[in-house]
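pasting the sequence and the predicted coordinates here, then a few questions.
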Amino acid sequence: MGLFLIVLGASLLVFRGWFWRLAGEAFLAVIGLIFLALYFVGKVRWAIYPGAFTTTVGTVIFLAANGFNMELHWPLFVVAPGLAFFLIRFAAPEEQWAVYPGTIITGVGLSLYTLSTGFFTGIWRTIGTYWPLGLVFAGALLVLRNRKG
């Protein structure tokens, strides 16, 4: 940890311009990475929780600060905590409970993302046009089933 602080301090002195701005935008993600280092290197069990959440959410904040179109990609703020639960499960296999909230939150976030980006607009238009074919298919199956019986 001491070596990390020496390198970070020296870097901040050398690259005070763009590096300082970049470090400010990535501050939360860097804090999360420090917590993750405490978990993996220092074997501090509780550090996985703040590390997972602050790293994922901090990454989304970093993207937003660097021109990522958050009017379109805002559901990433919902997906990030869901991914944090998966990170907890991946890092600590005994934390099996983390799969359930991770799946629910990530699923909701990805659903919102597809709506936000219009990903399924074409698919829904096609379904809206051809859904009567489903009725024809279901009717044909019923007729064939009754003929066999």
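All right, it came through fine. Numbering: from 1, shown residues only.

low pLDDT regions in this structure?
11-23, 148-149 (pLDDT under 70).

show me where it has its helices.
Taking DSSP state H, the helices of the chain run over residues 2-14, 18-25, 27-40, 48-65, 70-73, 76-91, 99-117, 121-148.

so which elements touch the shortest one?
Packed against helix 70-73 by the contact rule (3 or more C-beta pairs under 8 Å, 6 or more residues apart in numbering; DSSP states H and E) you find helix 48-65, helix 99-117. C-beta: built from backbone N, CA, C; applies to glycine.

just the buried positions in the longest one, please.
It refers to helix 99-117. Buried residues in helix 99-117, counted by 16 or more other C-beta atoms under 10 Å: 101-102, 105-106, 109-110, 112-113.

can you check stretch 38-56 too?
Neighbour-count burial for stretch 38-56 [16+ other C-beta under 10 Å]: 38-39, 47-56.

can I get the residues you listed in JSON lines including distance to Gln96?
Output for the buried residues of stretch 38-56, formatted as JSON lines (distance: C-beta to C-beta, whole Å):
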{"residue": "Leu38", "distance to Gln96": "22"}
{"residue": "Tyr39", "distance to Gln96": "17"}
{"residue": "Ala47", "distance to Gln96": "19"}
{"residue": "Ile48", "distance to Gln96": "14"}
{"residue": "Tyr49", "distance to Gln96": "15"}
{"residue": "Pro50", "distance to Gln96": "20"}
{"residue": "Gly51", "distance to Gln96": "19"}
{"residue": "Ala52", "distance to Gln96": "15"}
{"residue": "Phe53", "distance to Gln96": "18"}
{"residue": "Thr54", "distance to Gln96": "23"}
{"residue": "Thr55", "distance to Gln96": "21"}
{"residue": "Thr56", "distance to Gln96": "20"}
